[in-house]
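Visitor: Sequence and predicted structure, then a few things I'm wondering about:
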Amino acid sequence: MSLPLLVSPAQLAEQLERDSGQIVIIDLSSAENYTAKHIPGARHMAPAGLLCGSQPIPNKRPTEVQLSELFSSLGITPQSHVVVYDDQMGPQAGRMIWTLHAAGHTACSFLDGHLKAWEDAGFATDAEVPTVQPSDYPVSLDTHNLADMEYILTHLNNPAHCILDVRSPAEYRGEKIVNAAKGGHIPGAVNYNWTNALVSEQDTRLRPAEDILAELAALGVTPDKTVVTHCQTHRRSGLSYLFTKHLGFENVRCYDGSWFEWGNHPATPIESTPVEQ
């Protein structure tokens, strides 16, 4: 199957028309929105399934057992090509792509523009909930696209690494503190608000690749480096994982503890940036 990582509605519709047998479409929208309408055949998944749910950092990635149960309940097999979309402008779908990649499942695509783009292109939706035949998917995880606190501390001054903080500028500067004891950012991190990669909040397709690449390059974020991306709970940075991989970045790691862990740890170093007068 030849679907790219970032797939347009037309590409998906053409592939579904040609051969839908191995495609599993996952809708990560709210249950209410999914029930109202979705791409025909799409299976609903609650985004909470992408979190381990265990204290002290419940936003870290699930265990192998948890993901095996999740993938199996969705009817995903190692041969499936998984297509994802959400109703939150992309973070949940991006985190699902990151999770699939962590499990070695690279046959997956992110629907550019989500359900709105699908409808705008003239393709049908329905409200019928498909019958899912559970599978048996044993998940094995590795750490090639994961960064934990120790990894970041070890590579803080490594010029071959860069930290991409995709929270809002106010969070980055330390003016807005969300569920953390400390405000600011990881030393050396650069800020690129995650929504900058989108056409608009109403049109949630990604902007042209060359435009995003130029903006990232101006911050020192280039494809030759290992990029560590994070936000508050590794939701918004699900989208930054997706768009950097789409742009050709090979070495992208997500810090799933994100600022929820870093900003609540008593020993982590931070920087803050005063507002320019």
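Guide: Done, it's in.

Visitor: Setting the sequence-adjacent residues aside, check what's closest to residue 196.
Guide: Excluding its sequence neighbours, the residue lying closest to residue 196 (CB to CB, 6 or more residues apart in numbering) is residue 215, at 6.7 Å. Placement of C-beta: from N, CA and C, glycine included.

Visitor: From residue 257, how far off is the one you found?
Guide: In this view, residue 215 and residue 257 are 26 Å apart by CB to CB, to the nearest Å.

Visitor: The two: who's more crowded?
Guide: residue 257 (23 against 14; other CB atoms under 10 Å).

Visitor: doesn't residue 59 make contact with the more buried one?
Guide: Yes. Judged on CB atoms under 8 Å, residue 257 makes contact with residue 59 at a distance of 7.3 Å.

Visitor: Need the residues touching each of the two.
Guide: residue 234 (CB atoms under 8 Å, 6 or more residues apart in numbering).

Visitor: residues contacting residue 11?
Guide: 3, 4 are the contacts of residue 11 under CB under 8 Å, 6+ apart.

Visitor: Let the chain start at 52 from now.
Guide: Will do, 52 is the new start, and the previous item becomes residue 62.

Visitor: All the strands of the protein, residue numbers only.
Guide: Taking DSSP state E as the test, the strands found in the chain are 57-58, 74-78, 94-95, 132-136, 159-162, 197-198, 212-216, 241-242, 277-281, 303-306.

Visitor: Direction included, what does the third one pair up with?
Guide: Just to be clear, that refers to strand 94-95. strand 74-78 (parallel) (DSSP bridges).

Visitor: ok and the partner strand relative to strand 132-136, angle-wise?
Guide: 20 degrees (axes from the mean of the first three to the mean of the last three CA atoms, to 10 degrees).
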